[in-house]
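**Student:** after the sequence you'll find the predicted model.
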Amino acid sequence: MLLFARSARGEADAKGLGRAAALFALARRRVAAAAAQLGVDLVVVVGPAGSEADSPCGELPPGCRFLLQHGPTFADRLSNAFGAVRALGYGEVVAVPTDVPLLGARHLSAAFDALAEGAGAVLGPSPDGGVYLIGVRGDAQALLAGVRWRTARVLSDLSANAAHAAHAADTGAPVLLDRLRDVDRESDLCRLARELAAAPALDPELTRLVTLLLAATAVQVSDGPSAGRARAIPCLPSRAPPAAAVRA
């Protein structure tokens, strides 16, 4: 499992959600726990040398591998990270961030199961047109080529690449997982709060944490087009290598 991570504080500060560090810490703990539960290696991609304040190294369980980001653009850094773990001997790689609080063992298990069953790629869609998970068997370069990163076209570009690669290599069709929300800004936190309020049994721990994080500033969130009323939801101010191919 390839985890792109800052420290929880660094993640919250970068997104302008300074009081939400606990939210990103929870998301990271869940990914680490899922890796342990599934028996897969956790390889953490950290920022460039000299960014110790943003390093998550002290927040992760022992036994993790660490890789240093390198490359001038996000596309380069992502591609280089996939290439680095492939060079270490990993044959199945699932990459995730630490800003998707609902991401857990169920989704990650489904991703690895799909790869094991022959899918060439697995994608976890986000509501904004991006993805929260990229899984691949073998070389990821064809999957990542030409993707318009950090736009609403990420999912469609990756899906097109995955379908083309599957046809060319005669592998299984790409698999789409459940849609999950990543938290990049205040509005994402508000939408997450609304989703959890509608189904509090979905994740009681996260529901309690998000409720505690919500600040006094209120945003009117419609209960629905026919409800004829709105309710105020407070929001935070506005972001040794294996010898054979194994799972990462």
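**Tutor:** Looks like it arrived, so ask away.

**Student:** quick one, helices of the chain?
**Tutor:** Along the chain, the segments classed as helices by DSSP state H run 8-14, 21-38, 74-87, 105-116, 141-144, 154-169, 186-198, 204-213.

**Student:** now tabulate these in CSV and tack on mean neighbour count.
**Tutor:** C-beta coordinates here come from the backbone N, C-alpha and C atoms, glycine included. Shown next, in CSV, are the helices of the chain (neighbours: other C-beta atoms under 10 Å):
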stretch, mean neighbour count
helix 8-14, 20
helix 21-38, 19
helix 74-87, 17
helix 105-116, 18
helix 141-144, 19
helix 154-169, 17
helix 186-198, 18
helix 204-213, 16
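
**Student:** quick one: the ones you listed as CSV, columns for distance to Gly63 too.
**Tutor:** Below are the helices of the chain laid out as CSV (distance: least, C-beta to C-beta, whole Å):
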stretch, distance to Gly63
helix 8-14, 20
helix 21-38, 9
helix 74-87, 16
helix 105-116, 17
helix 141-144, 28
helix 154-169, 30
helix 186-198, 31
helix 204-213, 25
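
**Student:** so which of those gets nearest Gly47?
**Tutor:** Gly47 sits nearest to helix 8-14 of all those, at 8.1 Å, using C-beta to C-beta.

**Student:** list the helices and strands the closest one packs on?
**Tutor:** For helix 8-14, the elements it packs on are helix 21-38, judged by 3 or more C-beta pairs under 8 Å, 6 or more residues apart in numbering; DSSP states H and E.

**Student:** which of the helices of the chain sits closest to Gly130?
**Tutor:** Among these, helix 154-169 sits nearest to Gly130 (C-beta to C-beta), with 4.5 Å.

**Student:** please name the residues that touch Leu2.
**Tutor:** When contacts are counted by C-beta atoms under 8 Å, 6 or more residues apart in numbering, Leu2 is found next to 43, 45, 81-82, 85, 93-96, 248.

**Student:** switch the cut-off to 7 Å
**Tutor:** Going by C-beta atoms under 7 Å, 6 or more residues apart in numbering, Leu2 touches 43, 45, 81, 85, 93-95, 248.

**Student:** got a pLDDT number for the residue nearest to it when sequence neighbours are not counted?
**Tutor:** Nearest non-adjacent residue to Leu2, counting by C-beta to C-beta, 6 or more residues apart in numbering: Ala95, 4.0 Å away. What the model reports as pLDDT for Ala95 is 97.

**Student:** pull the number of nearby residues for Ala95.
**Tutor:** 24 (other C-beta atoms under 10 Å).

**Student:** and it, bridged to which residues?
**Tutor:** Partner residues in beta bridges with Ala95, using DSSP bridges, are Leu2, Ile134.

**Student:** ok, it touching Ile134?
**Tutor:** Yes - Ala95 lies in contact with Ile134 (C-beta atoms under 7 Å); the separation is 4.8 Å.

**Student:** now Lys15: how far from Arg6?
**Tutor:** 10 Å (C-beta to C-beta, to the nearest Å).

**Student:** ditto for Ala32
**Tutor:** 15 Å.

**Student:** now swap in Asp99 and tell me
**Tutor:** 9 Å.
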